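Undergrad: Here is the input, now give the coordinates:
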Amino acid sequence: MVPGVFQNRPGHDMTSGFLHRYFLNNAAKRCFKWIHYFDIYEQHFERFRGTSPTVLEIGVRGGGSVEMWSEYFGPGARIVGLDIDPECKEHQRDGIEVFIGSQDDPAAIEQVLSSYPDIDIVIDDGSHIMKDMIATFEMVYPRMNPNGVYLLEDTYTCYKPKMGGGLKREGTFMEFAKDKIDEMNASHSKDAVPVTGLTRSIQSICFYDSIIVFERRPQARRQTLITNKM
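TA: Here you go, the predicted model:
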């Protein structure tokens, strides 16, 4: 528990807007977020509250966000952090485990996946370097809970040359995600786009200002029906 902020206790208000209120009242560990992110978080994460999810956040920094997720998702939630800074280990406590390693190191990602094979939510707030974001997605997404959520934040870096970004530049995560729209709809493309594991596992891809969210759901063969008057 974090003293002086919202806590999950009997009678406490657990309604929509919890994260925004928590953030504004945070007097504990450093937490840096764009204000418009909070509505997006709650839209995609609310269904996991009280279900003891496993949440991976790539990028721990001041430790404020892993504490926030622990409070939001409630008792039994397993919050897992990955950060390159060894000092982030100090944010570890019961219910929060922090791995030290670089996002661009497949061995570090594999260590997390081996320890937590059923991740429900991924929040990529790591290096924000294009090749790292793509490589992490390709490694982690297929091994998540089939009904999980993969969220990338600060995707405005897709337009920053120093991060490997640029408008419509090949190799950015934004262009990668746009291609995934075609992949999601591959079964309608008359074989122009191959049906893949993502096609079979994705319900939606949501684009927001600086956030992209992949909502997983196992997908069946597409069928249509016609109804009419008797």
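Undergrad: following the helix-or-strand element of the chain with minimal mean pLDDT, which helix or strand shows up next?
TA: Using mean pLDDT, DSSP states H and E, the weakest-scoring helix or strand in the chain turns out to be helix 18-24, at a mean of 65. Sequence-wise, the next helix or strand beyond helix 18-24 is helix 37-45, with elements assigned using DSSP states H and E.
Undergrad: Which helix or strand lies directly C-terminal to that following helix?
TA: Remark: after helix 37-45, the chain's next helix or strand is strand 54-58, criterion DSSP H and E.
Undergrad: What are the contacting residues of that following strand?
TA: 48, 65-66, 69, 73, 77-83, 103, 112, 116, 118-126, 136, 140, 145 (Cβ atoms under 8 Å, 6 or more residues apart in numbering). All C-beta spots, glycine's among them, are computed from the backbone N, C-alpha and C.
Undergrad: Would you map the strands across the protein?
TA: For the chain, the strands defined by DSSP state E cover 54-58, 78-83, 96-100, 121-124, 149-153, 202-208, 211-216.
Undergrad: would you turn those strands into JSON lines with mean neighbour count and distance to Lys229?
TA: Written out in JSON lines, the entries for these read as follows (neighbours: other Cβ atoms under 10 Å; distance: least, Cβ to Cβ, whole Å):
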{"stretch": "strand 54-58", "mean neighbour count": "24", "distance to Lys229": "50"}
{"stretch": "strand 78-83", "mean neighbour count": "24", "distance to Lys229": "53"}
{"stretch": "strand 96-100", "mean neighbour count": "19", "distance to Lys229": "59"}
{"stretch": "strand 121-124", "mean neighbour count": "23", "distance to Lys229": "46"}
{"stretch": "strand 149-153", "mean neighbour count": "24", "distance to Lys229": "41"}
{"stretch": "strand 202-208", "mean neighbour count": "15", "distance to Lys229": "32"}
{"stretch": "strand 211-216", "mean neighbour count": "20", "distance to Lys229": "36"}
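Undergrad: Perfect, I'm done here.
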